[in-house]
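>>> got a predicted structure plus its sequence, pasted below:
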Amino acid sequence: MQSENINKHRHRAKTLNDIKDWCFGRASQLSLAGQHQAAQALTNEHMEALEVIRPEKMLWLKR
């Protein structure tokens, strides 16, 4: 059971890191395309929650 929880935590942390990486990449693409306001909006909207990855503080929905 504990091993299952550790694996779930690792998977969730990886998922959040992947989302953070996507957000940084997308903001960079927008900025390079001259869409600075859109890049800033994306950063303001999402990065505060993703700066410090804490899976236990996120709401997770089961499919």
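Thanks, I have it.
>>> all helices for this protein, in order.
Shown for the chain, the helices assigned by DSSP state H span residues 2-32, 36-42, 48-50.
>>> save those helices as CSV, and put in distance to residue 60 and mean neighbour count too.
C-betas here are computed from N, CA, C, even on glycine. CSV is the format used below for those (distance: least, CB to CB, whole Å; neighbours: other CB atoms under 10 Å):
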stretch, distance to residue 60, mean neighbour count
helix 2-32, 7, 13
helix 36-42, 22, 14
helix 48-50, 13, 14
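>>> save the ones you listed as a markdown table, and put in mean pLDDT too.
As requested, the helices of the chain are exported to a markdown table (pLDDT from 0 to 100):
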| stretch | mean pLDDT |
| --- | --- |
| helix 2-32 | 90 |
| helix 36-42 | 91 |
| helix 48-50 | 66 |
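>>> so which of these is nearest residue 61?
Closest to residue 61 of these, according to CB to CB: helix 2-32, at 11.9 Å.
>>> hang on, the earlier thing: make TSV out of the helices of the chain and add distance to residue 63.
Below are those laid out as TSV (distance: least, CB to CB, whole Å):
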stretch	distance to residue 63
helix 2-32	13
helix 36-42	25
helix 48-50	21
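>>> go through these and name the closest to residue 56.
When the helices of the chain are compared by CB to CB, helix 2-32 sits nearest residue 56, at 7.5 Å.
>>> mind giving me the packing neighbours of the closest one?
Helices and strands touching helix 2-32, by 3 or more CB pairs under 8 Å, 6 or more residues apart in numbering; DSSP states H and E, are helix 36-42, helix 48-50.
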